[in-house]
Every structure is written in structure tokens, then in C-alpha cells.
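Visitor: The amino acid sequence is not available; the structure is as follows:
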């Protein structure tokens, strides 16, 4: 059972579901396939940034009970009759359509939806991100992103484009039961605010953060945190470990640490500045400590203080650029991170431990550079020929503050210090030789990705945060990013 709410917080309707017991199904007998993909977070942000760059209209379509609208496979499934709707003449119900909770329901809907969009509506499907579709007809380019049971359309202004969208909806309605919701003010629980005059689009999670704050702190925290960690406590934060005593473990059993981490992870959708802090604490999820839980609450308090902030995409600056950094020397497997900017705001970003034990800062930076180059290649493919059909100027700059890494990537040779590098570490060199991307040195004080590698002092944190969010109210960091885009 679930209560659905309007945007203003009032109750829309009470919702109940009839769910199958998929955990009782036998593979190969009761189902064949169960895989179901959905739109990746960075592609959702990229889709919205592209709408700002194209000055496109946005339209949301909700598929009502989507998983029950797929085409049933050849498996014969029977389920118990739902309580309150039992017909004594029958023992059970045979499914002629998939039911939520059954293993194959998601897969059958995904394939049915893709088949309808491609074969009945004339869309092409991205092979890089299979939840992106596009169709160009009579000079009108319509783009679609599918997130579970929500469809987001992006299309140009004008009567010709509107007529094509209406024609698509009419065909789509013949196959699926849908609710056309109009221009989205919220998608995936993320608020969308557009300034059509300025060609900007901002995404926030204000309501989500307020709800989380009420759940975990319930008004008990009266201090306003302006950064996740105080400037005097950065070293202390990076020394947080797992629980050290049985008494501490017993105390943590009563605390919702895992739930708190899951909440904070979802908040990184529009708040990339907390990615390092949340990722660091997630290392202790198997055996959390009291210090880790209190640090998580401090991050949530910071989010509440910054709840009205979000990522802003400026459609007047449809440029791709990347920053990447590593924190070699802090531990055998240091943290590394990168951020891919488009339209001035962060679309793809990552903060995680390296998969290797680097022997030097150059090796650590080269490995993180490779990860950034892979993420960039994915975004290029989806933004360009295999997705949103945007025009991309190559090569694209990847900024690193390590001159030795720049030299390693640009100069295809083996030296005594680089000959042991694993093949994947040199992926950035491969992309450089193909003229897809190239390394550019940047001074550490301008290295935005530094925020993904360690706990920063408040001044540095706020500067890089505003750069990530493309905060128009912070001229210094906005100008910092824009100057590097030139």
C-alpha cells in the first residue's frame, strides 16, 4: 500500500498492488529472463542538460501499472486469488499478463516497450544506453528517455513538432495505458526548474532532503552546517573506521546506519559535492561505528542547509569538459574521482577507491584519468551519434594536476616507471591517440575534482561545490569553470 501525493504535498490517491511471489519461481520453468535495465543517473542529467541546450520542450508520460502491460512469455503461471476478491469457483488465477513481483515482469515490459517504440512508432534505439530512443522525421527530432515506468520526451518548439508528438501519443496509447502528465516539474523525485528566457534548467531534491531530515533528525539538530565536515575536523573524518568494540557494535544495532547511507547516496543525484564523504562512510557499512553514524547525520544536516541548491545547466554553453584527480599517499588504495561537465553543470561524476595499489602519484593520476576517459566516452556516444544526436567537437579536454600523467598519456612509450602499468590504466592514452580526448594540466587550486578525493577545508569545499553545481549566485567559482571552458 502506498499514498501518492500532488506536487503541493496534498494526497492524490491511495494505491494498492497485487504482487506475485517471485521468490517461489523456478528458473527455466516459471521464467526465462529477468533482466530489466533503466536510465542511468548521468544520462538522466545529460538528457535534461541537452533539453536546455536545444531549448526543447519536455513532456512526461506515466505508464499505468507498467509491469502488467508487457506481453506474457510461454511460461504458464498461476497465482493465489487476491484477498477480498476470491471467487470460490476457482482455486487460483492463471496469468495472461505479467504481474508485479514475478521475475520476468520487468523484462517483458522492457522488451514490449522497446518493440512498440521501434516498430510501431519509428524510433531508433541507442545501443550504448538502451533506454534512450530518438526519431527524426521531416526535420523534427524527438528524443525519449525511459526510467522504469516513466517516459520523458524532448522535442522542439513549433506546431510541426507538436503534431508529431500528438501522433506518437495516439499510437503509443493503442498499446499501453498511459497518463500524459505534461511538462515535468518533478521526475524520479527530482524537481525540475526551467528559466526559458535564460535557457537554463536546474535540478534539485528539496522535498526529498526535507523528508529525510525529518526522518533521521526530527528537528533535534538546531545547528546549521555549511559544509559536511568542519575545517578543523577533516583529518578526523578521514580516520573514521569500523566499530572497534562489541559495546559499540551493540549500540549501532539500534541505529539506522544502512538506511541513512542509502538516503545520502540518492541525494548525490543533485549534490555531487557529498560524493566523497558518503562513499568514504559506505566503506564501513558492514560494521559501522558511532563516529560514522554521527558523520552521516552531519552530512544530512549540511544537505538540509543546502537543500535549495541544485545543478544548473546553461543551454547557452553546450560544452563538454572533464576534471580528474587522485589522493595518492593517503592509503595503499587511494580515492580517485572525476566530473564530466556539460552546459556548465556536472552530468557524470564519481568518487571511489582505485582498483590498484599505485607506486607513484603519476600512476594514481593516470589510472583515475582512464576511468574519466571511459565515462567521457560513454557520454559522448549517448550525447552524439548513438542517442541525443548533438554535435560534439572533438577532442575534449580532461584536466589533471599531475604533469607526469600528462606526459605518460601524450607520449606512447614505456619507461622504467611506467612499464608495469596494467592495460586498462592506459585507456586514456588510447583515447588521446584516437583524438577523442586529450590531457590538459591544471593547477591544483583550480582542480575541481579535488572535492572527490578527500575532505576539504570549508573555503575550498564551497568554491568547488559551486563550480560543480554551476551556482549562478557564486561568481568566483562560476567564472573559474567558465574560464577553463575556453
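Guide: Great, that's in hand. Because the structure is a prediction, the values reported are computed rather than measured.

Visitor: Quick check: the gap between the closest residue to residue 78 other than its chain neighbours and residue 77.
Guide: Closest residue to residue 78 apart from its sequence neighbours, by C-beta to C-beta, 6 or more residues apart in numbering: residue 92 at 4.4 Å. (Each C-beta comes from the backbone N, C-alpha and C, glycine too.) Plainly put, residue 92 is 10 Å away from residue 77 if you go by C-beta to C-beta, to the nearest Å.

Visitor: Please say which of the two ends up with more neighbours.
Guide: Of the pair residue 92 and residue 77, residue 77 is the one with more neighbours under other C-beta atoms under 10 Å, namely 20 against 10.

Visitor: what sits against the more buried one?
Guide: Applying C-beta atoms under 8 Å, 6 or more residues apart in numbering to residue 77 gives the contacts 20, 25, 30, 94, 95, 99, 102.

Visitor: Look up the pLDDT of the residue of the chain positioned farthest from its centre for me, please.
Guide: Here the chain reaches farthest from its C-alpha mean at residue 89, the gap being 49.2 Å by C-alpha atoms, centre = their mean. Predicted confidence (pLDDT) for residue 89: 91.

Visitor: likewise residue 166?
Guide: The model reports residue 166 with a pLDDT of 96.

Visitor: Residue 232 too?
Guide: 87.

Visitor: cool, and residue 221?
Guide: pLDDT, read off for residue 221, is 67.

Visitor: again with residue 483
Guide: Turning to residue 483, the model gives it a pLDDT of 58.

Visitor: Next: residue 293.
Guide: 95.

Visitor: ok, now residue 140?
Guide: Looking at residue 140, its pLDDT is 96.

Visitor: Now for it: which residues touch it?
Guide: Applying C-beta under 8 Å, 6+ apart, we find residue 140 in contact with 155, 156, 158, 160, 161, 164.

Visitor: Tabulate the contacts of residue 77 (CSV), appending secondary structure, pLDDT and neighbour count.
Guide: Below are those laid out as CSV (DSSP: H, G, I helix; E, B strand; the rest coil; pLDDT from 0 to 100; neighbours: other C-beta atoms under 10 Å):
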residue, secondary structure, pLDDT, neighbour count
20, coil, 89, 20
25, coil, 91, 18
30, coil, 90, 18
94, strand, 92, 9
95, coil, 91, 17
99, coil, 91, 21
102, coil, 93, 26
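
Visitor: Quick check: the farthest pair among these?
Guide: Using C-beta to C-beta, these span at most 14.7 Å, a distance reached by 25 and 94.

Visitor: what's downstream of the longest helix anywhere in the chain, the next helix or strand?
Guide: Criterion DSSP state H: the longest helix present in the chain is helix 361-383. Scanning forward in sequence from helix 361-383 by DSSP states H and E, the next helix or strand is strand 396-400.

Visitor: re earlier: what helices or strands is the longest helix of the chain leaning on?
Guide: Applying 3 or more C-beta pairs under 8 Å, 6 or more residues apart in numbering; DSSP states H and E, one finds that helix 361-383 contacts helix 41-54, strand 320-326, strand 335-342, strand 345-353, strand 396-400, helix 403-410, helix 427-433, strand 437-441.

Visitor: Figure out which of those is closest to residue 83.
Guide: It's helix 41-54; of the helices and strands packed on helix 361-383, that one is closest to residue 83 (C-beta to C-beta) at 37.3 Å.

Visitor: Kindly provide the whole-number mean pLDDT of the closest one.
Guide: 96.

Visitor: who does that helix touch, helix- and strand-wise?
Guide: Contact here means 3+ C-beta pairs under 8 Å, 6+ apart; on that basis helix 41-54 packs against strand 140-147, strand 150-155, strand 200-204, strand 311-314, strand 335-342, strand 345-353, helix 361-383.

Visitor: what would the ones you listed look like in CSV with distance to residue 409?
Guide: Putting the helices and strands packed on helix 41-54 into CSV (distance: least, C-beta to C-beta, whole Å) gives the following:
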stretch, distance to residue 409
strand 140-147, 33
strand 150-155, 35
strand 200-204, 33
strand 311-314, 29
strand 335-342, 14
strand 345-353, 19
helix 361-383, 7
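
Visitor: For residue 168, which of those is the nearest?
Guide: Taking C-beta to C-beta, strand 140-147 is the member of these nearest to residue 168, at 6.9 Å.

Visitor: Taking strand 150-155 as reference, get the angle to the closest one.
Guide: Inter-element angle recorded for strand 140-147 and strand 150-155: 160 degrees (by axes from the mean of the first three to the mean of the last three C-alpha atoms, to 10 degrees).

Visitor: Sheet partners, orientation included, of strand 140-147?
Guide: Under the criterion DSSP bridges, strand 140-147 sits next to strand 132-137 (antiparallel), strand 150-155 (antiparallel) in its sheet.

Visitor: any idea of the angle the strand or helix carrying residue 113 forms with strand 132-137?
Guide: Secondary structure from DSSP H and E places residue 113 in helix 105-115. Relative orientation of helix 105-115 and strand 132-137, computed by the same axes, to 10 degrees: 20 degrees.

Visitor: Past helix 105-115, which element shows up next along the chain?
Guide: Counting by DSSP H and E, the element after helix 105-115 in chain order, helix or strand, is strand 124-125.

Visitor: Who does that next one pair with, and is each partner parallel or antiparallel?
Guide: When pairs are called by DSSP bridges, strand 124-125 turns out to pair with strand 132-137 (antiparallel).

Visitor: any idea how far the partner strand is from the chain center?
Guide: How far strand 132-137 lies from its chain's middle: 22 Å, per C-alpha atoms, centre = their mean, to the nearest Å.

Visitor: Give me the residues contacting that strand.
Guide: 39, 43, 47, 114, 117-118, 121-126, 141-146, 164, 382, 387-389.

Visitor: same deal with stretch 227-234?
Guide: With contacts defined as C-beta under 8 Å, 6+ apart, stretch 227-234 is touched by 237, 273-274, 277, 295, 298-299, 302, 454-459, 461-462.
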